[in-house]
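A.B. asks: Fold the following and give me the result.
(one chain, ligands or ions: 1)
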Amino acid sequence: MTSPIRTERHDDVLVIISDNPPVNALGQAVRQGLKDGVEEAMGDDAIKAVVIRCDGRTFFAGADITEFGKPPQGPNLPETLDAMEAGDKPVVAAIHGTALGGGCEVALACHYRVAVPSAKLGLPEVKLGLIPGAAGTQRLPRVVGVEAALPMVVNGNPIPAAKAEAIGLVDKIVGEDSLEADAIAFAREQIGKPVPRSSEGTAHEDGVKNPDLFDEFRARNARKIRGFDAPDAAVKAVKAATERPYAEGVKKERELFTGLMSGTQSAAMRHYFFAERAANKIDNVDPKTPLIDIQKVGVIGAGTMGGGIAMNFLSAGIPVTILEMKQDALDRGTGVIAKNYERTAKKGRMKPEQVEQAMGLLNPTLDYADLADCDLVIEAVYENMDVKKEVFAKLDETVKQGAILASNTSYLNIDEIAQATKRPGYVLGLHFFSPANVMKLLEIVRGAETRDDVLLTSMKLAKKIGKVAVVAGVCDGFIGNRMLSPRQKQANELIMEGAKYWEVDDVLLEFGFPMGPFQMADLAGIDIGWHRDPSKVTTIREALCAAERFGQKNGKGFYDYDEARQRTPSEEVQAIIADFARKEGTEQRDISKDEIRERLLYPMVNEGAMILDEGMAQRASDIDVVWINGYGWPLYTGGPMFWADTVGLDTIVAGLEKHGLPVSEYLRRKAEAGERFN
Ligand code: 3H9
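C.D. replies: The predicted model follows:
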């Protein structure tokens with residue numbers, strides 16, 4: 001097999017080039033080639049300097065994740081990089097694209113780094129449940145200081161070249177189209193000078209002088225990193241750089257890295273990495289199918305959902321015509337959009353001119369005729385089949401042929417909606433999650449007749465507006481809400497049987513969800529859909545409304561809220577629940593946290609199994625992507641189906657049986673065969 005690494009001589013400079021598509025991951029052959037290239041340079045007196053660069057779309061984007069978990073094959077990255085740094089001939093990293101993880105560590109082991117303006121550098125290992133493992137946590141703080149290194153290592157977000165230059169990670173920004181020539185010239189300028197070695201840098205002394213930096217950073221990021229093991233290890237590793245000599249720090253990094261690599265969190269997060277990419281692929285659809293050009297989008301309904309949906313496109317520079325029935329609703333809707341943008345600008349996440357640009361692309365209207373030239377129209381009106389059918393029939397008449405008509409319904413039958421038009425092939429579901437301008441998930445619901453180009457175009461568009469899209473089949477609640485339903489049912493039954501509602505919430509919080517069902521109800525408003533008659537009380541929710549407990553909005557719902565919105569369980573509510581149980585003849589008993597967890601989560605796995613069996617999700621990992629992005633399922637468990645694999649499907653089946661809950665044939669079969677979902 002030919003090596004992905006080649007060398008080219010430019011007089012006294014040796015250029016080592018990697019060509020390992022798609023992202024120049026540092027697999028075994030690349031590491032071997034790099035090692036050989038460095039040896040070639042060091043052993044040749046005619047070579048005075050070295051440049052390392054990559055062909056294709058990016059500098060090394062990190063270690064090859066597909067090698068993780070397999071027996072290691074030498075040479076390993078740390079030893080390759082140590083040999084490179086140890087030499088006296090200047091080595092220059094010439095960076096374009098994204099120098100990530102191990103790739104950033106290659107750059108750090110080089111004596112110098114030059115980058116094109118569009119390049120990005122980062123250590124995203126925490127997003128895979130890891131920390132850098134080739135001395136990145138020890139070299140980086142010695143180059144840029146602890147204060148600049150901590151967010152890079154602990155949060156894992158890449159930084160642009162200009163910022164990298166500002167903190168001293170990049171020595172020079174070079175021409176976007178002249179990277180190699182500029183890097184060779186730069187390398188030549190360094191010949192004869194003593195080489196700066198990152199491992200000998202002193203910038204980390206900011207953390208030696210002020211060790212409080214670490215605790216302060218932890219406190220500032222507490223919410224973001226709750227439950228994750230890797231960020232904590234990342235802080236420890238950077239701290240080691242300030243407390244120990246370099247070689248000792250590297251040892252500490254290795255120990256932490258190895259611990260994480262063998263743990264379940266990293267396995268789960270690596271699973272998620274590939275799951276998100278797999279979700280992009282649609283079975284039985286030729287990826288080369290020509291796409292429909294989307295220049296202009298229409299949105300029906302300027303309420304919370306419609307407004308949020310519109311913002312996605314406006315922010316991506318796509319004009320939106322938004323339609324309402326009445327002028328005041330239209331004005332209210334556009335006002336909310338403007339306010340949301342202003343708030344974002346105030347937080348510094350958008351420039352005023354960007355707000356102006358986005359708002360300039362918004363065209364509010366009361367007239368269906370204004371939607372005629374849209375390429376895609378998304379309906380976000382009231383969840384009622386008759387209303388939706390009426391809207392789609394009208395859209396079919398007004399909007400040009402060849403345009404896509406989508407419904408944002410969260411559970412209604414897309415095929416039935418499509419039949420209201422004469423173009424069912426152009427109809428599909430685009431199910432956004434609230435707040436639609438923030439939440440990453442988009443369920444793309446494929447109707448029986450949805451055309452391949454309509455589906456592929458929607459997938460591509462989702463990526464353009466920054467969404468993570470998953471294809472779902474037509475069934476009640478699609479993937480996400482369909483699985484939420486058995487959890488909600490259990491939550492309600494548990495509190496009737498004696499579990500405290502705050503314990504139900506706490507079990508999910510402890511599991512890693514941002515909130516439980518009763519906190520969620522308080523946040524959304526208990527009175528949603530209430531008939532407003534306090535004398536008619538047939539459910540716990542109605543009883544809460546009758547007692548004027550409407551949720552967070554009036555300071556009391558399931559919980560009592562103080563001014564800082566801190567929740568305290570309410571005795572009044574507990575009495576209401578107990579009263580209901582008595583009236584229904586349900587005997588209340590103590591229920592353990594284990595039982596609560598099993599009864600909430602196992603039925604979801606069972607529903608997920610049925611979704612798979614019916615072909616409503618293309619693959620188990622798609623279900624994981626839905627729940628992680630749309631419902632706060634903790635990423636570090638890999639999603640419901642991956643988590644079920646780690647628990648063991650036989651344990652899930654036994655748990656369901658123990659609690660008298662249904663077990664689908666598919667789940668039982670898989671458990672009996674000792675199989676996994678993923
Ligand atoms: C590390 O470095 C640990 C070290 O510290 C330890 C050393 C001892 N490996 O995302 P895309 C595949 S940990 C293998 O669609 P984009 C990806 O699966 C690593 N494969 O493209 C996909 O395959 P497919 C730290 C990889 O342009 C294809 O490449 N590095 C890797 O939207 C295209 O990917 C990271 O965490 C990899 N490292 O985004 C960076 N990376 O076509 C991870 C990608 O079959 N990567 N693939 O579906 C990324 O963030 C993005 O891929 C990147 C490109 C920004 C590079």
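A.B. asks: How about the stretch 501-650 of the chain: which residue is closest to the ligand?
C.D. replies: Using C-beta to the nearest ligand atom, the point where the stretch 501-650 of the chain gets nearest to the ligand is Ser621, with a distance of 12.0 Å. Where C-beta positions appear, they are placed from N, C-alpha and C, glycine not excepted.
A.B. asks: quick one, phi psi at that residue?
C.D. replies: Torsion angles at Ser621 (phi, psi; degrees, to the nearest 10) stand at phi -70, psi -30.
A.B. asks: Would you check how far apart it and Pro603 are?
C.D. replies: Ser621 sits 20 Å away from Pro603, taking C-beta to C-beta, to the nearest Å as the criterion.
A.B. asks: about what we covered before: surely the residue of the stretch 501-650 of the chain closest to the ligand touches Ile628?
C.D. replies: No: under the criterion of C-beta atoms under 8 Å, Ser621 is not in contact with Ile628, lying 10.3 Å apart.
A.B. asks: intersection of neighbour lists for those two?
C.D. replies: Here Ser621 and Ile628 have Gly639 as joint contacts, going by C-beta atoms under 8 Å, 6 or more residues apart in numbering.
A.B. asks: three-state assignment of Val285?
C.D. replies: Judged by DSSP: H, G, I helix; E, B strand; the rest coil, the three-state class of Val285 is coil.
A.B. asks: That should have said Leu456, apologies.
C.D. replies: Using three-state DSSP, the three-state assignment for Leu456 comes out as helix.
A.B. asks: And the pLDDT at it?
C.D. replies: pLDDT recorded at Leu456 is 97.
A.B. asks: What is the neighbour count of it?
C.D. replies: Number of residues near Leu456 (other C-beta atoms under 10 Å) recorded here: 19.
A.B. asks: SS state for the closest residue to it other than its chain neighbours?
C.D. replies: Spatially, and ignoring its direct neighbours in sequence, Leu456 is nearest to Thr289 (5.3 Å; C-beta to C-beta, 6 or more residues apart in numbering). Classification of Thr289 into helix, strand or coil gives coil, according to three-state DSSP.
A.B. asks: From Asp370, how far off is Thr289?
C.D. replies: When distance is defined by C-beta to C-beta, Thr289 is 30 Å away from Asp370.
A.B. asks: ok, now Ser3?
C.D. replies: 59 Å.
A.B. asks: wait, isn't Tyr561 in contact with Ser570?
C.D. replies: No: shown here, Tyr561 and Ser570 do not form a contact pair, counting by C-beta under 8 Å, at 9.9 Å.
A.B. asks: Now the stretch 451-600 of the chain against the ligand: closest residue?
C.D. replies: The minimum distance from the stretch 451-600 of the chain to the ligand, using C-beta to the nearest ligand atom, falls at Lys463 (8.4 Å).
A.B. asks: who's in contact with that residue?
C.D. replies: When contacts are counted by C-beta under 8 Å, 6+ apart, Lys463 is found next to Asn280, Ala469.
A.B. asks: Quick one: classify it as helix, strand or coil.
C.D. replies: Counting by three-state DSSP, the backbone at Lys463 sits in helix.
A.B. asks: Got the domain ranges for the chain?
C.D. replies: Taking automatic domain parsing as the reference, the chain has its domains at 5-262, 297-477, 500-584.
A.B. asks: roughly how far apart are the residue lying closest to Leu442 once chain neighbours are set aside and Lys556?
C.D. replies: In space, Leu442 comes closest to Lys467 once its chain neighbours are excluded; the distance is 4.1 Å by C-beta to C-beta, 6+ apart. As for Lys467, its distance to Lys556 is 36 Å (criterion: C-beta to C-beta).
A.B. asks: what do you get for Val336?
C.D. replies: 26 Å.
A.B. asks: contacting residues around the residue nearest to Leu456?
C.D. replies: The neighbours of Thr289, taking C-beta under 8 Å, 6+ apart as the test, are Asp452, Asp453, Leu456.
A.B. asks: And Arg423, by the same measure?
C.D. replies: If you count contacts by C-beta under 8 Å, 6+ apart, Arg423 has them with Asp396, Gln401, Leu405.
A.B. asks: and with 7 Å instead?
C.D. replies: For Arg423, the set of contacting residues under the criterion of C-beta atoms under 7 Å, 6 or more residues apart in numbering consists of Asp396.
A.B. asks: For it, give me phi and psi.
C.D. replies: Per-residue torsions, Arg423: phi -130, psi 60 (degrees, to the nearest 10).
A.B. asks: and it, how far is that from the ligand?
C.D. replies: Look at Arg423 and the ligand: by C-beta to the nearest ligand atom, to the nearest Å, they are 32 Å apart.
A.B. asks: And the pLDDT for that residue?
C.D. replies: In the predicted model, Arg423 carries a pLDDT score of 98.
A.B. asks: Can you tell me, leaving aside adjacent residues, what's nearest to Val605?
C.D. replies: Among residues not flanking Val605 along the chain, Ala644 sits closest, at 4.3 Å (C-beta to C-beta, 6+ apart).
A.B. asks: The one you found is in contact with Val653, isn't it?
C.D. replies: No: with contact defined as C-beta atoms under 7 Å, Ala644 and Val653 do not form a contacting pair (10.2 Å).
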